[in-house]
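S.K.: the following comprises the amino acid sequence and a computationally predicted model.
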Amino acid sequence: MTGSEQSEILRRKFSLTGHHDDLLDEIVEQRYASRSEALRAAIQHHARYISGGGETDIESLGAQIEEIGDEIELLQEKLDDRNSVVHIGGEVANSVEAESQTQTDSEVEDLIAAELSEEGALSINEISDQIDKNVTRVIPAKDSLVEREIVRTSEADDSKYELNT
């Protein structure tokens, strides 16, 4: 639409219900200089509200949300399938690891005791670094040593552990 088409004023006759006439009067009182200006603004707003395909923007957004929901469901199913495969594989790995862990728990405990004897009080992370074992292996071994009163929480720093002498 060109500038001359926008500025050309055409006179039209409209039929309104009493309710719509009252609404138009309220809108004019609140914001516009005339009934004509309010009607032009309403038409312009409605034109922006309706998309090119004839459906409203809200309907279009609803359809997009539904498509996204379908995609999320599909991704969730794929993720669940992957997790079940990993979970099954993880159970097998966990049972093998459990067998080897019981065999080496005492080795980890021995390494912890030797390191604490040599270095003094150490945190879990320091113990893990010093004996080159994962923290998930160090914590149960440390707990076992604490239960047997071989190791205790350091009196100087409760985040560290030391031999119970």
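M.R.: Received it, and whenever you're ready, just let me know what you need.
S.K.: C-alpha from now on. contacts and neighbour counts both.
M.R.: Noted.
S.K.: name the next helix or strand following the helix or strand where Lys142 lies along the chain.
M.R.: Element membership for Lys142 (DSSP states H and E) is helix 135-147. Where DSSP H and E defines the elements, the next helix or strand beyond helix 135-147 is strand 151-153.
S.K.: so how far is the helix or strand that that following strand is followed by off the chain centroid?
M.R.: Counting by DSSP H and E, the next helix or strand C-terminal to strand 151-153 is strand 160-163. Taking Cα atoms, centre = their mean, to the nearest Å, one finds the center of strand 160-163 at 39 Å from the center of the full chain.
S.K.: could you do stretch 11-24 as well?
M.R.: Worked out by Cα atoms, centre = their mean, stretch 11-24 lies 50 Å from the chain centre.
S.K.: quote the end-to-end distance of that stretch.
M.R.: Stretch 11-24 has its terminal residues 18 Å apart, counting by Cα to Cα, to the nearest Å.
S.K.: what comes up buried for that stretch?
M.R.: Leu24 (16 or more other Cα atoms under 10 Å).
S.K.: who touches that stretch?
M.R.: Arg35, Ala38, Leu39 (Cα atoms under 8 Å, 6 or more residues apart in numbering).
S.K.: about what we covered before: run the chain-centre distance for the helix holding Lys142.
M.R.: 33 Å.
S.K.: and that helix, what's its mean pLDDT?
M.R.: Helix 135-147 shows a mean pLDDT of 89.
S.K.: packing partners of it?
M.R.: helix 57-119, helix 124-131, strand 151-153 (3 or more Cα pairs under 8 Å, 6 or more residues apart in numbering; DSSP states H and E).
S.K.: dump it to PDB, restricted to CA.
M.R.: C-alpha atoms of helix 135-147 as PDB (Å, rounded to 0.1, in the frame of the first residue of the first chain):
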ATOM      1  CA  VAL A 135      36.700 -40.900  44.900                       C
ATOM      2  CA  THR A 136      33.900 -43.400  44.500                       C
ATOM      3  CA  ARG A 137      36.400 -46.100  45.500                       C
ATOM      4  CA  VAL A 138      38.100 -44.100  48.200                       C
ATOM      5  CA  ILE A 139      35.000 -43.100  50.200                       C
ATOM      6  CA  PRO A 140      33.700 -46.700  50.900                       C
ATOM      7  CA  ALA A 141      37.200 -47.800  51.800                       C
ATOM      8  CA  LYS A 142      37.600 -44.800  54.100                       C
ATOM      9  CA  ASP A 143      34.200 -45.500  55.700                       C
ATOM     10  CA  SER A 144      35.300 -49.100  56.400                       C
ATOM     11  CA  LEU A 145      38.500 -47.800  58.000                       C
ATOM     12  CA  VAL A 146      36.500 -45.400  60.100                       C
ATOM     13  CA  GLU A 147      34.100 -48.100  61.200                       C
END
